[in-house]
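Student: Here you go, sequence then predicted model.
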Amino acid sequence: MNVNFFFEVLIGGLLSGVMYALVAIGFVLIYKASGVFNFAQGAMVFFAALTCVGLIDKFGLSVWLAIPITIVVMVVLGLAIERVVLRPLVNQPEITLFMATIGLAFFIEGLAQLMWGSQVHKLELPIEDVPLQFLLDKFNIIVSQFDVAAAGICALLVTALALLFARTKVGRALRAVADDHQAALAVGIPLQRIWAVLWSVAGMVALVAGLLWGARNGVQFALTFVALKALPVLILGGFTSMPGAIVGGLIIGASEKLAEVYLGPMVGGGIEGWFPYILALLFLLVRPEGLFGEKIIRRI
């Protein structure tokens with residue numbers, strides 16, 4: 001086995017896993033604080049990327065101007081979702097909220113295409129998708145400069161979120177709401193305002209994910225399916241843990257690439273698309289709460 005090639009595949013998988021983790025974190029933020037599995041997160045990724053590229057293509061804005069405008073749009077979208085969709089459904093069964101996010105996903109997807117069109121858009125970020133020359137010359141390993149930069153951006157975002165949760169008054173309120181809604185309300189924490197903040201943050205996370213995935217694969221409807229790849233990540237890491245989302249993303253990213261290269265030829269290829277779900281299914285049989293999830297003990 002070519003050791004250099006193995007590490008090339010492994011590093012590429014780990015870097016892709018970081019981007020999967022970024023999408024998964026959007027799910028974790030909402031689920032941890034409200035117990036809602038936000039099926040619309042993939043649609044928010046698509047909406048954010050399409051809005052940004054639409055501002056660039058239709059209005060001739062630079063990417064540095066389009067991004068802050070899109071941030072404002074995603075914050076407004078998050079606030080509108082909380083106010084119009086979730087607030088009227090407070091104290092409803094979780095399945096009701098889940099079904100509401102499914103309907104919301106289709107609405108956001110349709111709204112994005114109504115506003116900006118359904119054609120595929122090319123998104124160019126000021127990051128070149130070329131091999132890192134140092135690794136190529138020194139170790140004969142091809143690692144994309146874009147993937148490394150994307151992983152760095154994801155790391156900065158995760159660090160910022162961790163500081164938000166740990167060091168700010170809003171972050172402490174978010175943690176209190178995540179631990180116990182009723183207790184948080186009892187001590188005067190405004191639950192609806194906290195949910196509005198969370199949905200706004202989830203919208204900004206969706207924007208970063210949409211820009212990175214859009215620059216790699218083009219801004220198109222298929223971006224909504226990126227959220228499906230986040231499901232195995234959540235199953236492995238746990239639905240309530242940001243560190244779990246990161247670790248789960250790394251495992252899924254590395255395993256799918258290695259499986260495609262080393263197991264794919266034995267089964268005719270195409271294993272990369274479904275291997276993460278098989279891995280997640282096997283993991284569910286062993287540890288259904290995930291690596292970082294809270295173990296649930298059921299009495300019989």
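Tutor: Looks like it came in fine. Residues are numbered from 1 along each chain as shown.
Student: Show the backbone phi and psi for the closest residue to residue 219 other than its chain neighbours.
Tutor: With sequence-adjacent residues excluded and distances taken as CB to CB, 6 or more residues apart in numbering, residue 219 is closest to residue 121, at 4.2 Å. Just so you know, the C-beta spots here come from the backbone N, C-alpha and C atoms, and that holds for glycine as well. Phi and psi for residue 121, reported as degrees, to the nearest 10, are phi -110, psi 140.
Student: Can you report how many residues lie near residue 121?
Tutor: A count of nearby residues for residue 121, using other CB atoms under 10 Å, gives 17.
Student: Surely it is in contact with residue 57?
Tutor: Yes - Residue 121 lies in contact with residue 57 (CB atoms under 8 Å); the separation is 6.4 Å.
Student: What helix or strand is the closest residue to residue 79 other than its chain neighbours located in?
Tutor: If the residues on either side of it in the chain are set aside, residue 79 comes closest to residue 196, at 5.4 Å by CB to CB, 6+ apart. Residue 196 belongs to helix 191-217 when assigned by DSSP states H and E.
Student: now the angle from the next helix-or-strand element following that helix to helix 191-217?
Tutor: For helix 191-217, the succeeding helix or strand toward the C-terminus, using DSSP H and E, is helix 226-237. Computed with axes from the mean of the first three to the mean of the last three CA atoms, to 10 degrees, the direction of helix 226-237 lies at 110 degrees from that of helix 191-217.
Student: So which residues make contact with helix 226-237?
Tutor: Residues outside helix 226-237 that contact it (CB atoms under 8 Å, 6 or more residues apart in numbering) are 17, 20-21, 23-24, 26-28, 39, 41-43, 45, 209, 213, 243-249, 251-252, 276-277, 279-280, 283-284, 290-293.
Student: hmm, which of those residues are the buried ones?
Tutor: Among the contacts of helix 226-237, those classed as buried by 16 or more other CB atoms under 10 Å are 17, 20-21, 23-24, 26-28, 39, 41-43, 45, 209, 213, 244-249, 251-252, 276-277, 279-280, 283, 290-293.
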